[in-house]
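>>> Fold the stuff below for me.
(2 chains)
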Amino acid sequence: MQDLPLVVTHALDKTYALGQTTLKALDGIDLAISRGEFVGLVGPSGSGKTTLLNIIGALDVPTSGSAEILGRSVETLTHREAARLRNEHLGFIFQTFNLLPVYTVFENVEFPLLLQGIETGRRKQMVEEALAWVGLADRADSRPSQLSGGQSQRVAIARAIVKKPDVVLADEPTANLDAANSHHIMKTMLQLNRDLHTTFVFATHDEKVIGYLHRTITLVDGRIARDEHAGDSSHS
Amino acid sequence: MLTLTLALRNLLHAGLRTWLNVVALSFSFVAIIFLQGFYDGLNEQVERATVAALYGGGQYWHSSYDPYDPLTLDDAHGVIPAPLDSLIAHRQATPILIRPATIYPQGRFRSVLLKGIDPDQTVLSIPSALLKDRSHGIPAIIGSRMAHSTGLQKGDMVTVQWRDVHGTFDARDVVIAEVFRSTVQDIDNEQIWIPLDELRRFTRTPDEATIVVLGQRVAPPGSVGGWDFRDLSFLLRDLHTLVRMKSVGASILYLLLLFLAMLAIFDTQVLSIWRRRKEMGTLMALGMTRGGVIRLFTTEGALHSILAALVAAMYGIPLMAFVANTGFALPNAADTMGFAIGEKLFPVYSPSLVVGTTVLVCLVTTIVSFLPTRRIAHLKPTDALRGKLS
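So this is what the prediction gives:
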C-alpha cells in the first residue's frame, strides 16, 4: 500500500515569462510519491515549492516533462478533467485558509461533497465525521470570521479530508499560525495520515513542520537538492 | 440545481450587501411598472371617454366629410340611407349634422362648428337632453372650454350665423342652455350643439346628416352607398398616436430606471469578481470548473432580480392596488395633455405589464450579470489563488 506511486514526475520543467526574460521555476524534477507518505517540499522562497505543488494539484501544467497524478498526465488533462481530478482525488490546504467567508464551518466543509453530488444524509454524516477528526464538531454553525487562525486552518483540513482524497496538498499550512497552533495542526494531519492513510504533501520552510515530516524533499533554485526519509538520508 | 443552491446560499449569507442591491432593484421594478401602469390607465381612460362621448361603436361618414378639411363641410351632408335610418329609429345610432358657422360673442366673431344632435339620443354621453327645453328660444349647449374662451355663460344669448345649402347667409340668436364639463375636448372646443331639427331647418337639409354614430356594440349594417364606415381602430388612431407620443417620456424614464438598475448589478458583479477572485481560485481548487464558476456568479447576479421581484411584490402590489382603486388626482393636468383625461386618473396594472416587465428585468439582469463573469473564462486557478485576475 505504502509503495504505490500516486505522484510521478519526470524531467519536469516550469518556465515563466517575465517580460523579455524567462524564469525557470522548476528544472528537471524527477519525483515519486507513494500512497500514505507524509512528505514535505522544503526550501527557501522562490525555490519552486509552490509551483511544484500546483502542478501536482493539477492547478498548473509543466512547460516540459511530465507529471502523473494517479496515473493521469497533468499536461494532457482538459480543464474539466483537471477540475474533476481535484474534486475527487485531491484536497488542498492553503496558507491563508481560503475558507468561503459567507459560509458556516459546516457549509465550508460540505462544499466539496456538494460538488460531488453526494446525497444530503451521507453528506451530513461525512461533514460531522470530518469536523470530529479536527476537533471542531461544536463550531459547525460558526462563521470563519468567528474562528481563530488555528481553528480556521483546522476547518480547512476538514474540508480537504472530508471526501477522503488520495492526496492532500498543503501550501505553507502553518505560516499564519503561532507555534502552539502549528504543532496542533501538524499533529492533527499526522493522525489523519495514520488513520486514513491519506498522503500529505507539504510545501513549507517552517522548521516546526519539517520536524513532523517522514520525508523531506529540499528544492533549491527549482531543482531537488536532497530527498531524505526520516531516520536515513539520501541525496538526489 | 447545485449552482442555484450555491448562488442562493451565497446571496442570503451575504446579508446586507445582497439586500441593499435587492431593495434598490425592487424600486426599479415598482417604478417601471407603476409608471407604465399610469400610461396604460391613461390610454384606457382616454379611449373609454372618447368612445362614450364621440365615437360610439363606429361612425358612418358622408363620403365628402373630412374632419381635417373644413372646406369639405359645406358639401358633407346627405340624406340618411335606409339601413342607417332603421338603426336610428331603434335608438341604436344617432345622426349628427355638422355645419360651419360664425358666432358673435360680446361683439367679436368666432368661427365654430355648429353641430345638430337629436336631444333624445342616448348613443353618446353628450348631455343633449338639455336641448329639449325650447321655452327660452333656440337652446344651445357648449363645453366649459368653449365657454371659457368665448366668455359665454349659461343663460347668455349669442348670435349664430351660417349658410344654408344654397349658400344663403342666415343668422339666429341661440340661448346657452347649459355649459357642460367633459374630458373630451373634441366635443367642446370651438363647437356649439343645437337640436338637430333646428339645424336641419336653418340649413335646409331635412333628413340629412354629416355623420351617423352607431351605439357601442351595434354591428354596422355593412356597405352603405355614399357613406363610409369608420371603425374604432380608424377613429382612435390619432388618439393612440398622441398617447404614444406622451408615453415617450415614460419610456425614457423606463429605460433610465432599467439602465440604473443594470448599472447597479453590473457594478456589483464587477466588484464581486474583483473582491472574490481568491474565492474563485478556491472554488476551482475544490473542483469547480471555470464554467461552473461563471454559472455561479451569473446566477447570483440574476437571483438579485428574482429576489427583487419578490420584495417589489411585497410592497408594490398593495401600493399599486391602492392607487388603481383610488386613482391619481390630476385637476390641473386634465386640459394640458391634448386629449381626454379625467380629473382622476386610474392606472391599469395588467398581468401582461407586470409579467412582461418582470421577465424583461430578469432577462436583462442575467445578461448584465454574465458580462463581467466572462473574465473568469481566462482565469488561471493559480493566479486566482494568489488574488490575481489574469
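>>> CA atoms for contacts and neighbours, from now on please.
Will do.
>>> what are the ranges of the helices in the chain?
Picked chain A for this. For chain A, applying DSSP state H gives helices covering A:49-56, A:79-89, A:105-116, A:120-133, A:149-161, A:179-196, A:207-210.
>>> that's the other chain; I wanted chain B
B:2-13, B:16-50, B:82-89, B:144-150, B:196-203, B:232-235, B:237-275, B:277-285, B:290-326, B:351-373, B:381-385.
>>> Of all the ones you listed, which one is nearest A:Gly28?
helix B:381-385 (21.1 Å; CA to CA).
>>> before we move on, the earlier item: just name the most buried of the helices of chain B.
Greatest average neighbour count among the helices of chain B goes to helix B:277-285 (a mean of 25), per mean count of other CA atoms under 10 Å in any protein chain shown.
>>> At the contact with chain B, which residues of chain A appear?
A:54, A:59-60, A:79-80, A:82-88, A:91-92, A:98-100, A:102-103, A:112, A:114-115 (CA under 8 Å from any CA of the partner chain).
>>> for the helices of chain A, which one ends up most surrounded?
By mean count of other CA under 10 Å, the helices of chain A have helix A:149-161 as the most buried, with a mean of 26.
>>> Now it - C-alpha only, CSV.
What follows is helix A:149-161, C-alpha atoms only, in CSV (Å, rounded to 0.1, in the frame of the first residue of the first chain):
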residue,chain,number,x,y,z
GLY,A,149,-6.3,31.2,12.9
GLY,A,150,-5.7,27.7,14.3
GLN,A,151,-9.4,26.8,14.2
SER,A,152,-9.7,28.2,10.6
GLN,A,153,-6.9,26.0,9.5
ARG,A,154,-8.5,23.0,11.1
VAL,A,155,-11.7,23.8,9.2
ALA,A,156,-9.5,23.9,6.0
ILE,A,157,-8.1,20.5,6.9
ALA,A,158,-11.6,19.1,7.5
ARG,A,159,-12.6,20.5,4.1
ALA,A,160,-9.6,18.9,2.5
ILE,A,161,-10.1,15.4,4.0
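>>> now the helices of chain A as CSV including mean pLDDT?
Output for those, formatted as CSV (pLDDT from 0 to 100):
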stretch, mean pLDDT
helix A:49-56, 94
helix A:79-89, 92
helix A:105-116, 94
helix A:120-133, 93
helix A:149-161, 91
helix A:179-196, 87
helix A:207-210, 87
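>>> how about those helices, which one is nearest B:Lys380?
That would be, of the helices of chain A and by CA to CA, helix A:79-89, which comes in at 10.2 Å.
>>> What residues are recorded as beta-bridge partners of B:Leu214?
Per DSSP bridges, the residues bridged to B:Leu214 are B:Ala93.
>>> Counting neighbours, what do you get for it?
Using other CA atoms under 10 Å in any protein chain shown, B:Leu214 has 27 neighbouring residues.
>>> measure it to B:Pro221 for me?
10 Å (CA to CA, to the nearest Å).
>>> What's the nearest residue in chain A when you look at chain B?
Shortest chain A-to-chain B distance, computed as CA to the nearest CA: residue-wise this is A:Asn87, at 4.0 Å.
>>> where does the nearest residue to that residue once chain neighbours are set aside land on pLDDT?
Closest residue to A:Asn87 apart from its sequence neighbours, by CA to CA, 6 or more residues apart in numbering or on different chains: B:Gly287 at 4.0 Å. Note for B:Gly287: predicted pLDDT of 91.
>>> Identify the residues contacting the spatially closest residue to B:Leu6 that is not a sequence neighbour.
Excluding the flanking residues, the one nearest B:Leu6 by CA to CA, 6+ apart is B:Leu296, at 7.2 Å. Going by CA atoms under 8 Å, 6 or more residues apart in numbering or on different chains, B:Leu296 touches B:Thr3, B:Leu4, B:Leu6, B:Ala7.
>>> what's the nearest residue to the second one if we skip its chain neighbours?
In space, not counting the residues next to it along the chain, B:Leu4 is nearest to B:Thr299; the distance is 6.7 Å by CA to CA, 6+ apart.
>>> likewise B:Leu54?
Nearest non-adjacent residue to B:Leu54 (CA to CA, 6+ apart): B:Leu124, at 6.5 Å.
>>> ok, that neighbour touching B:Ala52?
Yes. Contact criterion CA atoms under 8 Å: B:Leu124 and B:Ala52 qualify, at 5.6 Å.
>>> Of these two, which one has the most company?
Comparing B:Leu124 with B:Ala52 by neighbour count (other CA under 10 Å), the higher total belongs to B:Leu124, at 21 against 18.
>>> And that one, its phi and psi?
The phi/psi pair for B:Leu124 (degrees, to the nearest 10) reads phi -110, psi 160.
>>> how much space between it and chain A?
Note on B:Leu124: its distance to chain A, by CA to the nearest CA, to the nearest Å, is 67 Å.
>>> Might you report the residue contacts of that residue?
By CA under 8 Å, 6+ apart, the neighbours of B:Leu124 are B:Ala52, B:Ala53, B:Leu54, B:Tyr55, B:Gly56, B:Gly215.
>>> Let me have the residues you listed in a markdown table, adding pLDDT as columns.
Written out in a markdown table, the entries for the contacts of B:Leu124 read as follows (pLDDT from 0 to 100):
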| residue | pLDDT |
| --- | --- |
| B:Ala52 | 90 |
| B:Ala53 | 90 |
| B:Leu54 | 90 |
| B:Tyr55 | 93 |
| B:Gly56 | 92 |
| B:Gly215 | 93 |
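>>> between those residues, which is nearest A:Arg154?
After measuring these against A:Arg154 - CA to CA - the closest member comes out as B:Ala52, at 78.0 Å.
>>> Surely that closest one and B:Ser125 touch.
Yes. The pair B:Ala52 and B:Ser125 qualifies as a contact (CA under 8 Å) at a distance of 5.7 Å.
>>> starting at the chain centroid, how far to stretch A:28-36?
14 Å (CA atoms, centre = their mean, to the nearest Å).
>>> again with stretch B:216-226
27 Å.
>>> what residues does it touch?
In contact with stretch B:216-226 (CA under 8 Å, 6+ apart) are residues B:Gly56, B:Gly57, B:Gly58, B:His62, B:Ser63, B:Pro81, B:Pro83, B:Leu84, B:Gln92, B:Val123, B:Leu214, B:Phe229.
>>> buried subset of these?
Taking 16 or more other CA atoms under 10 Å in any protein chain shown as the criterion, what is buried in those is B:Gly56, B:Gly57, B:Gly58, B:His62, B:Ser63, B:Leu84, B:Gln92, B:Val123, B:Leu214, B:Phe229.
>>> At the geometric centre of chain A, which residue do we find?
Geometric centre of chain A, nearest residue: A:Leu169, 0.8 Å, by CA atoms, centre = their mean.
>>> List the residues that contact residue 144.
This is for chain A. Contacts of A:Pro144 by CA under 8 Å, 6+ apart are A:Leu99, A:Leu100, A:Pro101, A:Val102, A:Tyr103, A:Thr104, A:Val105, A:Ser152.
>>> my bad, chain B
B:Val179, B:Phe180, B:Arg181, B:Ser182, B:Asp188.
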